[in-house]
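using only what follows, build the 3D model:
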Amino acid sequence: MSGQFLEINGIRVYLVSANGPEMRTDKDAVDLMSAASDQHAEFFAIPVERLGDAFFELRTRIAGQLVQKFVMYGKRVAIVGEISQRIATSKSLTAFVAESNRGRDLWFVKNLEDLGNRFSMVMEPSDLG
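Sure thing, here's the model as predicted:
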């Protein structure tokens, strides 16, 4: 998986490239973590373009499988990009996003600036283990 490492408010983030195949399985999550392991990423930022429609249709369980794999490995994830149209048409997705954004393991943010703001508001680098 291609991407780049960034430091945002003192936290090492692996930003996945927006170009590439859709992430559809927990194996894709493992491949991503493996690609970033030697650089000690503390947080993963995945553009919405890499997820595809099925991720946002919760009945497919793709979102749950991907997120569960990251959590199992003690990694945190931000889904980066505009999803307001998707939220407007799905009560279950609206609830999923709201619940995720209240937690620590999965956030939905519009852009990297919003991610940095979230780091400033709720986390210290030591919180990421």
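
for the rest of this, base every contact and every neighbour count on C-alpha atoms.
OK.

what are the boundaries of the strands in this protein?
For the chain, strands defined by DSSP state E occupy the ranges 3-8, 11-16, 43-47, 76-80, 106-109.

which residues sit against the fourth one?
The set of residues external to strand 76-80 that reach it, using CA atoms under 8 Å, 6 or more residues apart in numbering, is 42-48, 67, 70, 104-112, 115.

partner strands of it, with direction?
strand 43-47 (parallel), strand 106-109 (parallel) (DSSP bridges).

just send the ones you listed back as a markdown table, with mean neighbour count too.
Below are those laid out as a markdown table (neighbours: other CA atoms under 10 Å):
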| stretch | mean neighbour count |
| --- | --- |
| strand 43-47 | 24 |
| strand 106-109 | 22 |
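
format those as TSV; extra columns: distance to Ile11 and mean pLDDT.
TSV is the format used below for these (distance: least, CA to CA, whole Å; pLDDT from 0 to 100):
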stretch	distance to Ile11	mean pLDDT
strand 43-47	7	96
strand 106-109	15	97
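
closest one to Ile8 among these?
Closest to Ile8 of those is strand 43-47 (CA to CA; 9.9 Å).

next one: the closest one to chain centre, how far?
4 Å (CA atoms, centre = their mean, to the nearest Å).

now the helices: where do they sit in this protein?
Per DSSP state H, the chain carries helices over the ranges 26-36, 52-56, 62-72, 84-88, 91-102, 112-122.

which strands and helices sit next to the first one?
Packed against helix 26-36 by the contact rule (3 or more CA pairs under 8 Å, 6 or more residues apart in numbering; DSSP states H and E) you find helix 62-72.

from Arg86, how far off is Asp53?
9 Å (CA to CA, to the nearest Å).

no, scratch that, I was asking about Ser92
For Ser92 relative to Arg86 (CA to CA), the value is 10 Å.
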